[in-house]
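Asks: Got a sequence here, can you model it:
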Amino acid sequence: MKAARSPTFREGRIFGAVLPSNSPGVHSLWIPAIALKAPVVLKPGREEPWSPLRIIQSFIAAGLPSEALAFIPPTTAARGELLRSVDRSMLFGDASTTKMYAHDRPR
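Replies: The predicted structure is shown next:
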């Protein structure tokens, strides 16, 4: 029997998140990567880039090294580049947004 994976086990070196503009609650999903000591790369939604930027600034003010966090432009081109560049990621969007990445495999 295969053992269940622990939710506190870090599987990738760098974590990336393509965030939506319409739901601030999703930030609770990427923040645990910081506790797992994974560098985090965020691409916010175009309409609301401010919440993730403020969260990043808060972590840096609290003493997290700025090198552990990256904030990239909220452009469509940046989305694909982010997803291809990180070890693990999460992507939010409707079917037209997510279908182009449906068959991608983690590195």
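Asks: Going by C-alpha atoms from here, please, whenever you check contacts or count neighbours.
Replies: Fine.
Asks: so where do the helices sit in the protein?
Replies: In the chain, the helices defined using DSSP state H lie at 27-30, 32-35, 50-61, 76-85, 95-98.
Asks: and the fourth one, average pLDDT?
Replies: Spelled out, that is helix 76-85. For helix 76-85, mean pLDDT is 86.
Asks: Kindly export it (C-alpha atoms) in CSV.
Replies: Provided in CSV are the C-alpha atoms of helix 76-85 (Å, rounded to 0.1, in the frame of the first residue of the first chain):
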residue,chain,number,x,y,z
THR,A,76,-0.8,37.0,-20.0
ALA,A,77,2.7,36.3,-21.4
ALA,A,78,4.1,36.2,-17.9
ARG,A,79,1.6,33.5,-16.9
GLY,A,80,3.1,30.9,-19.3
GLU,A,81,6.6,31.9,-18.5
LEU,A,82,6.0,31.5,-14.7
LEU,A,83,4.3,28.1,-15.1
ARG,A,84,7.3,26.8,-17.2
SER,A,85,9.9,28.2,-14.8
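Asks: what residue ranges in the chain are flagged as low confidence?
Replies: 1-11, 105-107 (pLDDT under 70).
Asks: and of the helices of the chain, who's closest to residue 69?
Replies: Residue 69 lies closest to helix 50-61 among these, at 6.9 Å (Cα to Cα).
Asks: Redo the helices of the chain as CSV? Include distance to residue 14 and mean neighbour count.
Replies: What follows is those, written out as CSV (distance: least, Cα to Cα, whole Å; neighbours: other Cα atoms under 10 Å):
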stretch, distance to residue 14, mean neighbour count
helix 27-30, 12, 13
helix 32-35, 9, 14
helix 50-61, 16, 14
helix 76-85, 9, 15
helix 95-98, 20, 10
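Asks: The ones you listed: which one's closest to residue 43?
Replies: Nearest to residue 43, of the helices of the chain and by Cα to Cα, is helix 76-85 at 6.9 Å.
Asks: I'd like to know which elements that closest one is packed against.
Replies: Counting contacts by 3 or more Cα pairs under 8 Å, 6 or more residues apart in numbering; DSSP states H and E, helix 76-85 packs against strand 15-18, strand 40-43.
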